[in-house]
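J.: Kindly generate the corresponding structure for this input.
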Amino acid sequence: MEKASKAANAIGLIKNGSDVVLSAVDDISSALAEQRATTQDVARSVENVARMNEDNIRAVESVADAANKVEDIARRLRENAQRFRIA
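T.: Numbering: from 1, shown residues only. From the prediction side, this is the model:
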């Protein structure tokens with residue numbers, strides 16, 4: 001009977017240890033799921049920042065092009081105005 005009692009105690013210890021391991025695995029699984037979700041959020045944010053940066057680059061190029069056109073118009077106006085100066 002003593003062997004049966006020891007075996008029952010050993011089985012109980014194994015079950016308790018197994019429960020502890022299962023709980024730890026559940027905690028790790030939950031942490032990995034949270035980390036995956038956070039990583040996906042960060043990736044989306046990085047993509048959004050990259051997209052905004054591309055939009056800014058296009059806007060700056062457009063402003064630079066407009067500034068060049070205004071400068072060209074101003075140069076032509078000065079040239080035309082010089083023709084009409086009174087001597």
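J.: Stretch 37-47: which residues count as buried?
T.: Buried positions in stretch 37-47, judged by neighbour count with 16 or more other C-beta atoms under 10 Å: none. In this view, the C-beta of every residue, glycine as well, is placed from N, C-alpha and C.
J.: how far does that stretch sit from the chain's center?
T.: Offset of stretch 37-47 from its chain centre (C-alpha atoms, centre = their mean, to the nearest Å): 4 Å.
J.: List every C-alpha atom in it, with coordinates, as CSV.
T.: Below are the C-alpha coordinates for stretch 37-47, written out as CSV (Å, rounded to 0.1, in the frame of the first residue of the first chain):
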residue,chain,number,x,y,z
ALA,A,37,-0.3,42.8,-32.5
THR,A,38,2.1,45.5,-31.3
THR,A,39,4.6,44.7,-34.0
GLN,A,40,1.8,44.9,-36.6
ASP,A,41,0.8,48.3,-35.2
VAL,A,42,4.3,49.6,-35.4
ALA,A,43,4.7,48.3,-38.9
ARG,A,44,1.5,50.1,-40.0
SER,A,45,2.7,53.3,-38.3
VAL,A,46,6.1,53.1,-40.1
GLU,A,47,4.3,52.5,-43.4
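J.: what number of residues lie near D19?
T.: Neighbour count for D19, taken as other C-beta atoms under 10 Å: 10.
J.: do you know how far it is from L32?
T.: Distance of D19 to L32, given as C-beta to C-beta, to the nearest Å: 20 Å.
J.: Same question for E71.
T.: Taking C-beta to C-beta as the measure, E71 and L32 are separated by 58 Å.
J.: swap in E54?
T.: When C-beta to C-beta is applied, the distance between E54 and L32 equals 33 Å.
J.: One more: Q82?
T.: If you go by C-beta to C-beta, the gap between Q82 and L32 works out to 75 Å.
J.: try N9
T.: 35 Å.
J.: Also V70?
T.: Counting by C-beta to C-beta, the gap from V70 to L32 is 57 Å.
J.: So R85: helix, strand or coil?
T.: The three-state label for R85, taken from DSSP: H, G, I helix; E, B strand; the rest coil, comes out as coil.
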